[in-house]
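Enquirer: Quick one: sequence and predicted model below, then my questions.
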Amino acid sequence: MNALTGAGHLVHLALRRERAIAPWWILLVVSLGLVMVAYINRNMGTYELKLAYVDLVRRNAFFQGLGGGFAEPRLEVLATWRSGGFLYVASAFAAVMSVVRHTRREEDAGRTELVRSAVVSRHAQLTAAVLVAAGVSLACGLSTAVALIGIGLEPIGSLAYGAAVTVAGWVFAGVAAVAAQLARNARTATAIGLTVLATSYVMRYAGDASAQYWLKYLSPLGWSHLVQAYQGERWWMLGVSILTGAILLAIAHHLLGRRDLGAGMLPERLGRATAPDLRGPISLAWRLHRGLLVKWAAGVAFFAAAAAGLSPLGRELLSRPSIVVDTITKTLGLPADATLGAYSWYMILIIAYAVALYPVLMTLRLREEETSGRAEAVQATPVTRLRWAAGHLVVTGLGTLALMAVAGLVFGALYSVLVGDLAIDLPRFLAGALAAVPAAWCVGAVCVLAYAMLPRASVAICWAIWALTVALGQVAGPLYGRWGGSPLEPFHYVPNAFATTSMSLEPTLALLAVTAGLLGGAVLALRRRDFG
């Protein structure tokens with residue numbers, strides 16, 4: 001038996017499992033690339049507008065870091081400059097999730113042991129997982145290049161751009177392969193892979209924003225930016241990514257041969273000597289969720305502080321109106337003399353869309369507890385099914401509220417120190433952030449209903465619900481000409497807390513009523529269906 005015996009069959013198996021996931025990633029990447037071209041054509045249709053936008057970018061470190069590289073007043077350069085950062089991250093994220101799903105998650109579930117009882121080598125599963133993830137990344141990049149060529153962009157630059165998207169996924173497939181050997185479970189492996197991805201993005205961003213471009217050469221995502229599609233393509237940078245991915249894969253295979261099945265290379269942390277004092281389902285849910293909640297709170301605080309740090313820049317831009325600023329003011333539907341707070345609301349809204357993912361993840365945790373058998377063990381005690389679910393929902397609801405409170409407090413405090421008044425602005429930002437909580441609860445309630453009614457399909461449904469909420473919302477809507485978002489998503493009904501003198505309670509009460517109705521339906525469905 002050689003090192004790849006059975007790999008072909010496992011590739012076929014992984015592809016069958018990916019058929020419900022991979023097409024959506026490919027569609028997302030291609031759509032974003034095309035939407036950005038349409039956005040530039042629609043909002044910067046003339047050379048003067050493009051030149052004004054490029055001049056704004058060159059004078060602003062934040063925008064320089066956001067796009068990466070150097071913007072030029074050309075359609076293809078501006079479109080890929082705006083979308084590249086997102087496409088590279090999407091390709092890398094998909095690769096990390098795919099490799100972990102077909103390696104460590106299979107091992108956690110006990111299916112790897114079953115597979116190895118057949119004529120399959122020890123290294124076949126890892127090889128198959130990386131090949132499938134690499135194939136999905138290649139499909140994303142090639143489809144993007146073909147689509148851009150199809151709408152008339154330069155073929156050579158389009159191929160370079162598609163190749164940069166592809167190799168971003170290849171590098172992080174190698175990162176995930178190593179993480180799957182280091183960690184003892186899928187959750188830790190995913191955390192390692194995504195931490196490396198986030199660190200890579202921060203290094204790339206910092207390099208562009210501070211003009212310390214050597215940082216980009218240390219970032220795997222920076223290597224894709226350094227390909228410089230449509231700007232005198234640097235093909236050799238693709239080789240750096242390919243070589244790094246190959247080295248990481250070799251390291252992963254070496255580590256795989258040195259560890260036991262079900263174990264990881266990193267040492268395990270010893271547990272507590274005594275059992276925790278659990279007094280009911282709420283305390284149990286809090287113990288399970290508190291670690292993730294603390295990490296979310298730290299992330300929300302960081303991004304809120306970063307967004308508030310742009311307030312002096314926003315004030316400077318508003319004090320020097322230009323064609324670009326006037327266009328943004330008009331399309332946002334704000335009065336010409338709108339305050340800086342009215343624009344800052346959109347920063348709060350971006351954070352709110354991200355926080356809406358938290359109740360989605362908590363709903364998926366319910367499904368994980370059920371399928372693992374842990375929920376059944378809990379219900380062998382006097383805790384009923386509904387009390388078990390209610391404990392998780394209470395902690396999730398309060399956690400969502402706490403995250404938005406952190407966003408409002410951090411944003412409002414830093415905004416007040418930089419450009420505002422603490423006594424006036426801090427309460428306004430806190431109230432504005434809390435006004436978005438019912439919309440986030442509503443997203444979570446839809447996911448809970450899907451989990452209660454269609455448990456097997458709930459994972460895909462929950463991710464689709466959040467993705468559609470963001471795609472139809474006020475943040476992504478401007479990409480395709482809908483600055484107010486769509487009435488099909490709940491954040492559409494959250495008013496701009498800084499553009500109006502008084503806020504109506506009717507939208508908030510309506511969202512709370514809808515949320516209560518959805519949760520009521522979920523409780524009835526969960527009570528009647530078979531568990532497990």
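Expert: Arrived safely, thanks for sending. Residues are numbered from 1 along each chain as shown.
Enquirer: Go through the protein and flag its longest helix.
Expert: Taking DSSP state H as the criterion, the chain has its longest helix at helix 385-418.
Enquirer: Give the next helix or strand downstream of that one.
Expert: helix 422-435 (DSSP states H and E).
Enquirer: ok, Ala525 - how many residues close by?
Expert: Number of residues near Ala525 (other C-beta atoms under 10 Å) recorded here: 17. From N, CA and C alone the C-beta is placed, and that goes for glycine too.
Enquirer: mind showing which ranges of the chain have poor pLDDT?
Expert: Filtered on pLDDT under 70, the chain yields the residue ranges 1-3, 60-62, 69, 271, 275-276, 313-343, 476-485, 498-503, 532.
Enquirer: So what does the nearest residue in space to Ala436 that is not next to it in sequence have for phi and psi?
Expert: In space, not counting the residues next to it along the chain, Ala436 is nearest to Ala352; the distance is 3.9 Å by C-beta to C-beta, 6 or more residues apart in numbering. For Ala352, the backbone dihedrals are phi -60, psi -40 (criterion: degrees, to the nearest 10).
Enquirer: Am I right that Ala352 is in contact with Met404?
Expert: Yes: look at Ala352 against Met404 with C-beta atoms under 8 Å: they come within range, at 6.6 Å.
Enquirer: The helix or strand where Leu366 lies packs against which elements?
Expert: Applying DSSP H and E as the criterion places Leu366 in helix 357-372. In terms of contacts (3 or more C-beta pairs under 8 Å, 6 or more residues apart in numbering; DSSP states H and E), helix 357-372 is packed against helix 281-308, helix 374-378, helix 385-418, helix 437-453, helix 458-471.
Enquirer: buried sites along that helix?
Expert: Within helix 357-372, the residues scored as buried using 16 or more other C-beta atoms under 10 Å are 357-367, 369-370.
Enquirer: And for that helix, what's in contact with it?
Expert: The contact list for helix 357-372, computed with C-beta atoms under 8 Å, 6 or more residues apart in numbering, reads 288-289, 292, 296, 375-376, 389, 392, 395-397, 399-400, 403, 440-441, 443-444, 447-448, 450-451, 455, 458-459, 462-463, 465-466, 531-532.
Enquirer: and if you look at stretch 58-71?
Expert: Residues contacting stretch 58-71 (C-beta under 8 Å, 6+ apart): 53-54, 56-57, 77-78, 81-82, 84-85, 204-206, 208-211, 216, 222, 225-226, 228, 231, 310, 313.
Enquirer: From the residues you listed, which land in helices?
Expert: 53-54, 56-57, 77-78, 81-82, 84-85, 204-206, 208-210, 222, 225, 313.
Enquirer: so which of the helices and strands packed on helix 357-372 is the most packed in?
Expert: helix 437-453 (a mean of 25; mean count of other C-beta atoms under 10 Å).
Enquirer: CA atoms of it as CSV?
Expert: Extracted in CSV, the C-alpha atoms of helix 437-453 (Å, rounded to 0.1, in the frame of the first residue of the first chain):
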residue,chain,number,x,y,z
VAL,A,437,-30.5,44.6,18.7
PRO,A,438,-34.1,43.6,17.8
ALA,A,439,-33.1,43.1,14.2
ALA,A,440,-30.2,40.9,15.2
TRP,A,441,-32.6,38.9,17.5
CYS,A,442,-35.0,38.5,14.5
VAL,A,443,-32.2,37.0,12.4
GLY,A,444,-31.4,34.5,15.2
ALA,A,445,-35.1,33.7,15.7
VAL,A,446,-35.4,32.7,12.0
CYS,A,447,-32.4,30.4,12.5
VAL,A,448,-34.0,28.9,15.6
LEU,A,449,-37.2,28.2,13.7
ALA,A,450,-35.2,26.5,10.9
TYR,A,451,-33.3,24.4,13.5
ALA,A,452,-36.6,23.3,15.2
MET,A,453,-38.4,22.4,12.0
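Enquirer: which one is Ala375 nearest to, not counting chain neighbours?
Expert: In space, and not counting its chain neighbours, Ala375 is closest to Glu369: 4.3 Å by C-beta to C-beta, 6+ apart.
Enquirer: again with Tyr451
Expert: Ser458 (4.2 Å).
Enquirer: Next up, the contacts around that neighbour.
Expert: If a contact means C-beta under 8 Å, 6+ apart, then Ser458 has 363-364, 367, 447, 450-451 as its contacts.
Enquirer: ok, so of these, who is nearest Leu270?
Expert: Leu364 (28.2 Å; C-beta to C-beta).
Enquirer: I'd like to know how far that closest one sits from Pro438.
Expert: 21 Å (C-beta to C-beta, to the nearest Å).
Enquirer: ok, now Leu509?
Expert: Here the criterion is C-beta to C-beta. By it, Leu509 lies 9 Å from Pro438.
Enquirer: Now distance to Ser117 too, for the helices and strands packed on helix 357-372, in TSV please.
Expert: Converted to TSV, those look like this (distance: least, C-beta to C-beta, whole Å):
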stretch	distance to Ser117
helix 281-308	33
helix 374-378	26
helix 385-418	35
helix 437-453	33
helix 458-471	27
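Enquirer: Quick one: closest of the ones you listed to Ala118.
Expert: helix 458-471 (27.2 Å).
Enquirer: Can you name the next helix or strand after that closest one?
Expert: Later in the chain than helix 458-471, the nearest helix or strand by DSSP H and E is helix 506-528.
Enquirer: Now Arg529. Its backbone dihedrals?
Expert: Dihedral pair for Arg529: phi -80, psi 160, per degrees, to the nearest 10.
Enquirer: pretty sure it is touching Pro455, no?
Expert: Yes: using C-beta under 8 Å, Arg529 is in contact with Pro455, at 7.3 Å.
Enquirer: who's more crowded, these two?
Expert: Counted by other C-beta under 10 Å, Arg529 and Pro455 do not tie: Pro455 has more neighbours, with 20 against 13.
Enquirer: list the contacts for the more buried one?
Expert: 367, 370, 529.
Enquirer: Which positions within stretch 431-438 qualify as buried?
Expert: Neighbour-count burial for stretch 431-438 [16+ other C-beta under 10 Å]: 432-438.
Enquirer: ok, which pair from those is furthest apart?
Expert: Largest separation among the buried residues of stretch 431-438 by C-beta to C-beta: Gly432 and Pro438, giving 13.0 Å.
Enquirer: Run a quick neighbour tally on Ala20.
Expert: By other C-beta under 10 Å, the residues close to Ala20 number 10.
Enquirer: any idea how far the residue nearest to it when sequence neighbours are not counted is from Gly280?
Expert: The shortest distance from Ala20 to any non-neighbouring residue, by C-beta to C-beta, 6+ apart, is to Ala460 (6.6 Å). Counting by C-beta to C-beta, the separation of Ala460 from Gly280 is 32 Å.
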